[in-house]
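Undergrad: When you get a sec, could you give me coordinates for this:
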Amino acid sequence: MAKNTICLWFNKDAEEAARFYAETFPDSAVGTATRAPGDYPDGKQGDVLVVEFTVAGVSCIGLNGGPIFKHNEAFSFQISTEDQEETDRYWNAIVGNGGQESECGWCKDKWGISWQITPRVLMEAMSAGGAEAKRAFDAMMTMKKIDVAAIEAARRG
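TA: Numbering: from 1, shown residues only. The predicted model follows:
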């Protein structure tokens, strides 16, 4: 386990989520699943309690802690993409697997984890500053999934 690890609280689906992330994103894997040594308020002895996994190189653990805590947009994974094909692939995997679209490149998976699927061209435009950043920002504000061609056109003016 890494020295610093993100812990994500799930109701009971941490292992399913970890497998989905490992199948969807490169440099991702499912590690050890630790089973509960005894009954606990939202589970039984032998249930998966904690699963170690990596998402795009980031060490995580999923804790099956029950329904008391819910995910929200205060935490998200930001995935940088190179082109529209990669943007579409990740967006469609998340939204098409029971997730939901949001605004400005954000979506949420079926477990409630928020994702920012962010094309590199958008971040470059924002870093450029000035009128170019403003045009790209204004274009992004009209989008759900980011349209790379529209961002490129906005950058050019």
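Undergrad: got the buried residues for stretch 123-131?
TA: By neighbour count on 16 or more other CB atoms under 10 Å, the buried set for stretch 123-131 is 125-126. (Each C-beta comes from the backbone N, C-alpha and C, glycine too.)
Undergrad: what does stretch 63-81 give?
TA: Buried residues in stretch 63-81 (16+ other CB under 10 Å): 63-65, 71, 76-77, 79, 81.
Undergrad: What's the end-to-end length of that stretch?
TA: With CA to CA, to the nearest Å applied, stretch 63-81 spans 28 Å between its terminal residues.
Undergrad: which residues are in contact with that stretch?
TA: Residues outside stretch 63-81 that contact it (CB atoms under 8 Å, 6 or more residues apart in numbering): 7-15, 25, 41-43, 47-50, 55-56, 58, 87, 90, 102, 106, 108, 111-120, 123.
Undergrad: Of those residues, which belong to strands?
TA: 7-10, 48-50, 55, 58, 106, 108, 114-119 (DSSP state E).
Undergrad: just to revisit the earlier point, now the contacts of stretch 63-81: which count as buried?
TA: Using 16+ other CB under 10 Å as the burial test, the contacts of stretch 63-81 include 8-10, 13-15, 25, 43, 48-50, 55, 58, 87, 90, 102, 106, 108, 111-119 as buried.
Undergrad: related to what we said a few turns ago, farthest-separated two in the buried residues of stretch 63-81?
TA: Gly65 and Thr81 (31.5 Å; CB to CB).
Undergrad: per-domain residue ranges of this protein.
TA: Under the assignment automatic domain parsing, the domains of the chain span 6-64, 76-156.
Undergrad: Good, we can wrap up now.
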